[in-house]
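S.K.: A predicted structure for the sequence below; I have some questions about it.
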Amino acid sequence: MRHSPTLALALALVLAVGLSACAGDAPPAGTVSTPGAESPTPTPVPTTVRSAIRGSALEDLDVAVGSTVAWQNQDEGIRTIGTITSTGEAVESGEIAPGDTYEHRFREPGVWDLVVDGGTEIWTITVR
């Protein structure tokens, strides 16, 4: 039995339309999709953040839990970094000689207000 080319073309067209309708916006195989659910916020990755001490100046920083902040004394005199208020372990550098670096690892989320040399300018480290 012979089929006409028109019948074969019509059948191919019906199959193509049917398959494309099934493809839609389906998630890839092996994934679970919940309609209306928001994508999770990525977790910040701990890192080492380098910062400079110049005179009595630091910089405000926003870092991930587990990050280390490394302050290098780029001044000519000895400097200290100390905590005024914090929600965690205090930052107390002791004396940092010119060219030396003090590092502190922030192990928990919170906010640290710091000063250089017991001064009055406050710099904030926010740990998320």
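M.R.: Yes, it's here.

S.K.: Give me the contact list for stretch 118-128.
M.R.: Here stretch 118-128 makes contact (Cβ atoms under 8 Å, 6 or more residues apart in numbering) with 44, 56-65, 67, 69, 80, 82, 84, 88, 91, 106, 108-116. (C-beta placed from N, C-alpha, C; glycine too.)

S.K.: Generate a PyMOL selection restricted to the buried entries among those.
M.R.: Only the buried entries of the contacts of stretch 118-128 go into this PyMOL selection, using 16 or more other Cβ atoms under 10 Å:
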select buried, resi 58+61+63+65+67+69+80+82+88+91+106+112+114+115+116
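
S.K.: isn't Gly77 right up against Pro98?
M.R.: Yes. With contact defined as Cβ atoms under 8 Å, Gly77 counts as touching Pro98 (6.9 Å).

S.K.: Mind listing the residues bridging to the nearest residue to Phe106 once chain neighbours are set aside?
M.R.: Nearest non-adjacent residue to Phe106, counting by Cβ to Cβ, 6 or more residues apart in numbering: Val127, 4.4 Å away. On the basis of DSSP bridges, Val127 is bridged to Val63, Gly110.
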